[in-house]
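1. Build me a model:
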Amino acid sequence: MKPFAHRNLSRRLPMLCRASAAALGVLCTAHAAHAADLTVTAFGGTWEKAYRKCFVEPFEKETGKSVDVTLGNPLQWVNQVAASPAKPPIDVMVSTPEATHIAIGRGILDPITAKEVPNLAQLDPRLVAYGKGYGFPITYGDFGLMYNKKRVKNPPRTWKEFVDGVVAGKYQAAIPDINYVATPAGLITLFNQLYGGSPANIQPALDQVKRMRDSKNVTFFSEPNAPLNAMRNGDIDIAMYYDGRAWAEHDSTNPDIAWINPKPGSVAFPNMAVKVKNGSPLGMKFLNTLASSEGQSCFANAMQYTASNSKVTYDAKVKPRIATVEGSIWVNFDEIGRYVPQWIEEWNKQVGR
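-> Numbers count the residues shown, from 1 in each chain. Okay, here's the model as predicted:
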């Protein structure tokens, strides 16, 4: 049975392209697999810091084994493993759903069950089903709207209100360009549903993007820090952005920042944990740490994302901010992934590079 059938917007998509891979906005750093007992992947910045604190350090303390954390982009990691499947340079990948689906298709992952990963039994079964027996989300966040409360007194309650508000000049906005990881799922697929498009015909979505572009009231970003910097500088009032990152900005440096989930909902972006075939057997034990309530409680509260472990306890400040499975839109990679190269081509022709 397919998970999240009741929220089927086309439940996420595989970004089978260089652009989407590069859009993660982190530097690629190569590490030799023999540098430590276990090699795992991570995204950069505050994500990596929380990942090390909540998962890597407890694992090393418990096992006495060393862990090498390598940064880069998910499609790069998949290609590295596929290039050396007998002796993979990575043991555990934590990456995007699109990269996970590609890795499954290439046969480079080990299936997992609660026998190998006992904490799997504590996870929301709907999220476990999302990994198709090969992995699970650690946490996920929604790609909604971040805005400045002083400059946007009445934030748009629906996505159509947002588009029309940009066109009318109610606010200066930022949206992702085709090189950003969230664009195919969080923008194109969402706008397709709202404006009558389909995977084979994204013209309705592109028409709305062009309306905003032509209004001169929108800028495009391709890396995650750009909207934050633009918001700090007063260059934009509102942006399509992740909930956890927006709340982190609110708490750390800018209390005027807020975030909203416009109707009919925002697309969920899980980070998937998988074990590489022929990688170290320690990988299963590390997956168990990634699935633990203790580790996920630490990580989810630090990043303000929703944890997959049902026993996670959220801080009082964080709990009302996090996404819910029912309130999120889940996009299916398998259904629309083959169209993504075509989407990139059409975007570049009509919207620009």
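
2. Name the next helix or strand downstream of the helix or strand where Leu287 lies, please.
-> Element membership for Leu287, per DSSP states H and E: helix 282-290. Remark: after helix 282-290, the chain's next helix or strand is helix 293-303, criterion DSSP H and E.

3. moving C-terminal of that following helix, what's the next helix or strand?
-> strand 306-307.

4. Just the residues contacting that following strand, thanks.
-> Here strand 306-307 makes contact (Cβ atoms under 8 Å, 6 or more residues apart in numbering) with Ile138, Thr139, Tyr140, Gly141, Gln296, Ser297, Phe299, Ala300, Ile322, Ala323, Thr324, Val325. C-beta here means a position set from N, CA and C on the backbone, and glycine is covered the same way.

5. Within its sheet, name the partner strands of that strand and how each one runs.
-> Partner strands and pairing direction for strand 306-307 (DSSP bridges) are strand 135-148 (antiparallel).

6. what angle do the strand it pairs with and helix 293-303 make?
-> Interaxial angle of strand 135-148 relative to helix 293-303 (axes from the mean of the first three to the mean of the last three Cα atoms, to 10 degrees): 20 degrees.

7. Please parse the chain into its domains.
-> As assigned by the TED database, the chain contains the domains 38-140+269-329, 142-267+333-351.

8. Show the pLDDT at the most centrally placed residue in the chain.
-> Geometric centre of the chain, nearest residue: Phe269, 3.6 Å, by Cα atoms, centre = their mean. We have a pLDDT of 90 for Phe269.

9. isn't it right up against Gly186?
-> Yes. Applying Cβ atoms under 8 Å, one finds Phe269 in contact with Gly186, separated by 7.2 Å.

10. which residues are in contact with both of those two?
-> What both Phe269 and Gly186 touch, as defined by Cβ under 8 Å, 6+ apart, is the set Phe143.

11. the helices in the stretch 101-250 of the chain, which residues?
-> 125-130, 159-168, 190-195, 203-214, 225-233, 243-252 (DSSP state H, counting those that start in this stretch).

12. quick one on the thing from earlier: could you export the contacts of strand 306-307 to TSV, including columns for neighbour count and pLDDT?
-> Below are these laid out as TSV (neighbours: other Cβ atoms under 10 Å; pLDDT from 0 to 100):
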residue	neighbour count	pLDDT
Ile138	27	97
Thr139	26	96
Tyr140	26	95
Gly141	27	94
Gln296	28	98
Ser297	18	98
Phe299	24	97
Ala300	29	97
Ile322	23	93
Ala323	24	94
Thr324	11	91
Val325	18	88
